[in-house]
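Student: Pasting a predicted model and its sequence here:
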Amino acid sequence: MSKFKQLYKPLLDSAQWLAPEETVIEGTEFGHWLLELDSLSRRFERHCQAFTVSLEEQTQLSRECLTGDERALIGDVDCLLRKVVLKGDGVPWVYARTLIPLTTLTGQEQDLAQLGEMPLGFRVFTDRSARRDALVVANVGSEDRPVWARRSRLWLNDKPLLVAELFLQEAPIYKESLSWK
């Protein structure tokens, strides 16, 4: 098991997701990162010389492994599970877990299964039909040392996928508001 899955998957699994208005993020220095409706990958790209993606795992996931919350958002279907680490200049910034229903992987969207180390956001947000909804956030750290995560549903040609992102301590989201030293 990779270090990222071992350390960060439990944090995402333990997230107590809240609507943004139920938190204190709006109007903060980091809130605009969590509330980003466009491509987070494109935004990260502006904060480094080299933006890369490390594919940690890609496998089929049975519908029985989905949580009730996930089923409500994307349906009671088998999915392609994709776990990646987004990096700026080689430094891990985000651990991301994406659920792509197999029913989404049809027609134009079948290429989502072959992204490899290409950022999902680069593919999704070049499509005119792309939109984001059901955005929720969670602090999986502590009040004095927050570790933020967000989850949202993306739509491509009215086909859903679910993305959960954990912002690691070196991510630019924290550089503007906190010192981790």
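Tutor: Done, it's in.
Student: Which residue ranges of this protein form helices?
Tutor: Ranges of helices within the chain are 3-13, 31-34, 40-45, 68-74, 120-124, 172-175, based on DSSP state H.
Student: can you give me the mean pLDDT across the fourth one?
Tutor: The reference is to helix 68-74. Mean pLDDT, helix 68-74: 96.
Student: and what of the fifth one?
Tutor: Per-residue pLDDT values across helix 120-124 average out to 91.
Student: what distance separates that helix from the middle of the whole chain?
Tutor: Mean-position distance between helix 120-124 and its chain equals 11 Å (C-alpha atoms, centre = their mean, to the nearest Å).
Student: so what secondary structure elements neighbour that helix?
Tutor: In terms of contacts (3 or more C-beta pairs under 8 Å, 6 or more residues apart in numbering; DSSP states H and E), helix 120-124 is packed against helix 40-45. Every C-beta, even on glycine, is put in place using the N, C-alpha and C of the backbone.
Student: For the helix it packs on, buried residues please.
Tutor: Going by neighbour count (16 or more other C-beta atoms under 10 Å), the buried part of helix 40-45 is 40-41, 43-45.
Student: Reformat the helices of the chain as JSON lines; add distance to residue 131.
Tutor: Formatted as JSON lines, these follow (distance: least, C-beta to C-beta, whole Å):
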{"stretch": "helix 3-13", "distance to residue 131": "23"}
{"stretch": "helix 31-34", "distance to residue 131": "17"}
{"stretch": "helix 40-45", "distance to residue 131": "15"}
{"stretch": "helix 68-74", "distance to residue 131": "14"}
{"stretch": "helix 120-124", "distance to residue 131": "10"}
{"stretch": "helix 172-175", "distance to residue 131": "22"}
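Student: Good, wrapping up.
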